[in-house]
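Asker: can't give you the sequence, but here's the structure:
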């Protein structure tokens, strides 16, 4: 069964601190892995997208890693800001003609002053 | 970057009425669009795949007669919640992969439906 699991479920950090979110997946066939940021009441916004051959990708203060062998990914947020408070969703594309996405349950991040 | 819009952004309706939600790709064409539903503190759940010029494909457990999908053009898909009930209250989100960048997928801002 295709699954994407994220940890922790929720996280509270102080402004300026770093944090790392985890994602484990069992999706086959694998096409790509994406990290999205979803603000409350809004649609998800793409942060990074990585294919099988990519190990790391950065987008500003966001850095995602991918280990295709262990089927794990992480999202590292550097120097957190209050605006980083959101739900972060790991999504794996199962590939194929349908381009179906398998969603993780998300990590709810709260950055406090 | 590519933009997907939804209309309305929120809607309140009485039980038993029908509600139509529009999803538009503003600067790219999309032969396929996806409709999701998201309940509070849960992740997005795929409801159906909307295909331009053909019938939509529904996920298991989603009633096709209740959630009518029409993909009339390469930039517009509509989801109609028929005979809405309070349990249909949710956050509905659409997404679209551009034809020229099928690995990418852009999400709309979502529509908050509240059925009284």
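Answerer: Looks like it came in fine. Everything numeric in this text was worked out from a predicted model, so none of it was measured.
Asker: Could you list the low-pLDDT ranges of chain A?
Answerer: A:96-99 (pLDDT under 70).
Asker: Which positions in it make contact with chain B?
Answerer: Proximity of chain A to chain B, by C-beta under 8 Å from any C-beta of the partner chain, involves residues A:31-32, A:34, A:36, A:41-46, A:49, A:51, A:89, A:93, A:98-101, A:103-106, A:108. The way it works is simple: take the backbone N, C-alpha and C, and place the C-beta from them, glycine included.
Asker: repeat that with 7 Å
Answerer: With C-beta under 7 Å from any C-beta of the partner chain as the criterion, chain A comes near chain B at residues A:31-32, A:41-44, A:49, A:89, A:98-99, A:101, A:103-106.
Asker: of these, buried ones?
Answerer: Buried residues within those, counting neighbours by 16 or more other C-beta atoms under 10 Å in any protein chain shown: A:31-32, A:42-44, A:49, A:89, A:99, A:101, A:103-106.
Asker: Spit out the contact partners of the residue of chain B at minimum distance from chain A.
Answerer: When distances are taken as C-beta to the nearest C-beta, chain B reaches nearest to chain A at residue B:107, 3.8 Å away. Neighbouring residues of residue B:107 by C-beta atoms under 7 Å, 6 or more residues apart in numbering or on different chains: A:43-44, B:4, B:93, B:95.
Asker: Quick check: of the residues you listed, which lies closest to residue B:37?
Answerer: residue B:93 (7.8 Å; C-beta to C-beta).
Asker: What is the neighbour count of the closest one?
Answerer: 26 (other C-beta atoms under 10 Å in any protein chain shown).
Asker: Could you double-check that it sits in contact with residue B:44?
Answerer: Yes. At 6.2 Å, residue B:93 counts as touching residue B:44 under the criterion of C-beta atoms under 7 Å.
Asker: Need the residues touching each of these two.
Answerer: By C-beta under 7 Å, 6+ apart, residue B:93 and residue B:44 have these common neighbours: B:36, B:38.
Asker: if we can go back for a sec, what sits opposite the residue of chain B closest to chain A in the beta ladder?
Answerer: For residue B:107, the beta-bridge partners are residue B:95 (DSSP bridges).
Asker: ok, it to residue A:14 distance?
Answerer: 30 Å (C-beta to C-beta, to the nearest Å).
Asker: Is whatever residue of chain A ends up closest to chain B part of a helix or strand, or is it coil?
Answerer: Closest residue of chain A to chain B, C-beta to the nearest C-beta: residue A:43 (3.8 Å). Under DSSP: H, G, I helix; E, B strand; the rest coil, residue A:43 falls in the coil class.
Asker: Could I get the full set of strands for chain B?
Answerer: When assigned using DSSP state E, the strands of chain B occupy the ranges B:4-7, B:10-13, B:19-25, B:32-38, B:45-51, B:57-58, B:67-73, B:76-81, B:90-96, B:106-107, B:111-115.
Asker: Could you do chain A as well?
Answerer: A:3-7, A:10-14, A:19-26, A:32-38, A:45-51, A:56-59, A:62-67, A:72-77, A:86-93, A:101-103, A:107-112.
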